[in-house]
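Colleague: take this sequence and fold it.
(one chain, ligands or ions: 1)
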Amino acid sequence: MNKDSLIKNLIDDGYLRTPTIIEAFQKIDRIDFVPEAARDEAYGNYPLPIGYSQTISQPLTVAFMLELLEPKAGEKILDIGSGSGWQTALLAQIVGGKGKVVAIERIPELKTMTEKNVSKYNFIVKVVEGDGAKGYELEAPFDKIIAAAAAAAIPKSWKEQVKIGGKIVAPIRNSIVALEKTGPNEFSEKQYFGFSFVPLVSS
Ligand code: SAH
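Modeller: The predicted model follows:
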């Protein structure tokens, strides 16, 4: 599989729909985010190991979650569990120069991997080492929050740190939950089943 056929399949199967998200998939090349040894498999529609028992997410899952998040130019977005940095770079491409992406990763070597891989592109992204289960108070509030590791429930901190009208898209066990903040303490929620994620590890 090459990059164009991966993207075409994701469009044909209905996972990728929004022009700005499709453009990001075209511009941000997954091959720049997979380990050297896995380059031949960069366009496979499955997760790949990135070390430390973690994976670069499956393209289908990233497409599905980004379509639910609806990231837009100019927004400030928190990316929790940045790993390889692929999703971080996709988000940076979409929010553009007037927006901001803050990435948080708990494993120091993977935080470095995020920085190294994202620096292959001309984005300014803030990458923080820490426990994303607490969100990132210093940069709050966010327009959107997205997580790549599964918690048992959406942490209270994320609900507090997202703006009214903003969204949280995150894995909860083996499903994906999309929350929209409709009031200071009110959320609408949708849940999509049948996915698989590494756990959100919180201290
Ligand atoms: N979007 C990344 C996904 C990596 S897998 C990619 O496609 O490469 C999920 C990541 O979440 C792992 O790197 C893992 O170390 C990280 N993670 C798990 N729990 C975390 C936490 N509490 N805070 C920050 N990162 C966490």
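
Colleague: contacts and neighbour counts: CA atoms only from here.
Modeller: Fine.

Colleague: can you name the next helix or strand after the helix or strand that contains Ile22?
Modeller: Using DSSP states H and E, Ile22 falls within helix 19-27. Counting by DSSP H and E, the next helix or strand C-terminal to helix 19-27 is strand 48-51.

Colleague: buried ones in that following strand?
Modeller: 48, 50 (16 or more other Cα atoms under 10 Å).

Colleague: and that strand, what other elements does it pack with?
Modeller: With contacts defined as 3 or more Cα pairs under 8 Å, 6 or more residues apart in numbering; DSSP states H and E, strand 48-51 has these neighbours: strand 54-56.

Colleague: whether the strand it packs on contacts the ligand - can you check?
Modeller: Yes - residues of strand 54-56 are located near the ligand by Cα under 6 Å from any ligand atom, namely 54-56.

Colleague: list the buried residues of the longest strand along the chain.
Modeller: Across the chain, the longest stretch assigned as strand under DSSP state E is strand 162-172. Buried residues in strand 162-172, counted by 16+ other Cα under 10 Å: 162-164, 166-172.

Colleague: tell me the one of the residues you listed nearest Leu66?
Modeller: Val169 (8.3 Å; Cα to Cα).

Colleague: ok, that closest one touching Pro71?
Modeller: No - assessed by Cα atoms under 8 Å, Val169 is found out of contact with Pro71, at 10.9 Å.

Colleague: dump the residues of strand 54-56 next to the ligand to JSON lines, plus neighbour count and pLDDT.
Modeller: As requested, those are exported to JSON lines (neighbours: other Cα atoms under 10 Å; pLDDT from 0 to 100):
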{"residue": "Gln54", "neighbour count": "19", "pLDDT": "97"}
{"residue": "Thr55", "neighbour count": "18", "pLDDT": "97"}
{"residue": "Ile56", "neighbour count": "24", "pLDDT": "97"}
